[in-house]
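Chemist: Sequence first, predicted coordinates after that:
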Amino acid sequence: MARPKGQKRFAEMKKMIKLTDARLKAKDRVKPKNHDKKQEKKNIGEITEKQVAPVTSALFFRYNTQLGPPYHVIVDTNFINFSIKVKLDIIQSMMDCLYAKCTPYITDCVMGEIEKLGTKYRVALRIAKDPRFERLPCSHKGTYADDCIVQRVTQHKCYIVATCDRELKRRIRKIPGVPIMYLHGHRYTIERMPDAHGAPRV
């Protein structure tokens with residue numbers, strides 16, 4: 001029976017160009033130097049040091065033990081804008097979602113982002129300046145909030161991040177033990193938090 005054209009032969013060797021081939025340049029004709037076998041044998045017995053990222057003591061496996069009422073929620077710019085769009089009171093809706101007291105936190109860079117948006121978002125600015133919102137000072141330059149929020153939740157595991165930004169959510173999912181609050185339908189819901197009994201199951 002004839003072998004099909006596309007089928008490879010068993011144990012077929014890859015064709016190699018010889019060093020004497022005219023197509024090769026002079027620099028490519030030099031044979032690669034073989035590693036010293038004695039040196040390799042010496043390295044086998046040596047103990048190699050490996051750097052491992054430190055694991056926070058706040059986590060019990062994937063469960064964050066530092067999260068508990070009153071909850072500390074870092075609010076992003078678009079979370080405020082979407083809440084206004086669907087006519088939700090931020091603090092009351094957070095409490096309905098978590099069945100506990102919530103303290104919303106706003107960073108200086110988020111406040112700067114809202115101020116940059118102009119007069120169209122003056123309602124969002126008025127909400128952000130609410131005395132019930134705690135302010136978190138930022139030491140970095142510029143008003144890009146995503147890097148600041150990611151860095152803050154990496155250092156301190158006591159925060160919940162409230163955002164509707166896909167890119168920011170993707171980055172925070174890589175950090176273990178940080179829940180994400182977002183809008184689903186006309187309610188707030190939260191992911192990666194088993195204690196949130198008021199959150200609708202998606």
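Modeler: Here it is on my side, so go on.
Chemist: those helices in this structure, which residues are they?
Modeler: Secondary structure of the chain by DSSP state H: the helices cover 37-45, 77-85, 90-98, 108-116, 122-128, 145-155, 166-173.
Chemist: can you redo those helices as a markdown table with mean pLDDT and mean neighbour count?
Modeler: (Each C-beta comes from the backbone N, C-alpha and C, glycine too.) Listed next are these as a markdown table, based on pLDDT from 0 to 100; neighbours: other Cβ atoms under 10 Å:
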| stretch | mean pLDDT | mean neighbour count |
| --- | --- | --- |
| helix 37-45 | 61 | 8 |
| helix 77-85 | 95 | 19 |
| helix 90-98 | 94 | 19 |
| helix 108-116 | 94 | 18 |
| helix 122-128 | 94 | 16 |
| helix 145-155 | 93 | 17 |
| helix 166-173 | 95 | 14 |
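Chemist: Can you add distance to residue 67 and give the ones you listed back as JSON lines?
Modeler: Converted to JSON lines, those look like this (distance: least, Cβ to Cβ, whole Å):
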{"stretch": "helix 37-45", "distance to residue 67": "46"}
{"stretch": "helix 77-85", "distance to residue 67": "18"}
{"stretch": "helix 90-98", "distance to residue 67": "10"}
{"stretch": "helix 108-116", "distance to residue 67": "21"}
{"stretch": "helix 122-128", "distance to residue 67": "24"}
{"stretch": "helix 145-155", "distance to residue 67": "11"}
{"stretch": "helix 166-173", "distance to residue 67": "14"}
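Chemist: Quick check: which of those helices is nearest to residue 66?
Modeler: Of all the helices of the chain, it is helix 145-155 that lies closest to residue 66, at 11.2 Å by Cβ to Cβ.
Chemist: now that closest one and helix 77-85, what's the angle there?
Modeler: In terms of direction (axes from the mean of the first three to the mean of the last three Cα atoms, to 10 degrees), helix 145-155 departs from helix 77-85 by 110 degrees.
Chemist: mind saving the C-alpha coords of helix 145-155 as PDB?
Modeler: What follows is helix 145-155, C-alpha atoms only, in PDB (Å, rounded to 0.1, in the frame of the first residue of the first chain):
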ATOM      1  CA  ALA A 145      -4.800  55.800  38.700                       C
ATOM      2  CA  ASP A 146      -4.500  52.100  37.600                       C
ATOM      3  CA  ASP A 147      -0.800  51.700  38.500                       C
ATOM      4  CA  CYS A 148      -1.400  53.400  41.800                       C
ATOM      5  CA  ILE A 149      -4.300  51.200  42.800                       C
ATOM      6  CA  VAL A 150      -2.500  48.000  41.700                       C
ATOM      7  CA  GLN A 151       0.600  49.000  43.800                       C
ATOM      8  CA  ARG A 152      -1.500  49.900  46.800                       C
ATOM      9  CA  VAL A 153      -3.500  46.600  46.900                       C
ATOM     10  CA  THR A 154      -0.300  44.600  46.400                       C
ATOM     11  CA  GLN A 155       1.300  46.200  49.500                       C
END
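Chemist: what's that helix in contact with?
Modeler: The contact list for helix 145-155 (Cβ atoms under 8 Å, 6 or more residues apart in numbering) reads 74, 76-77, 107, 109-110, 113, 136, 138, 140, 159, 161, 163, 165, 167-168, 171-172, 175, 178.
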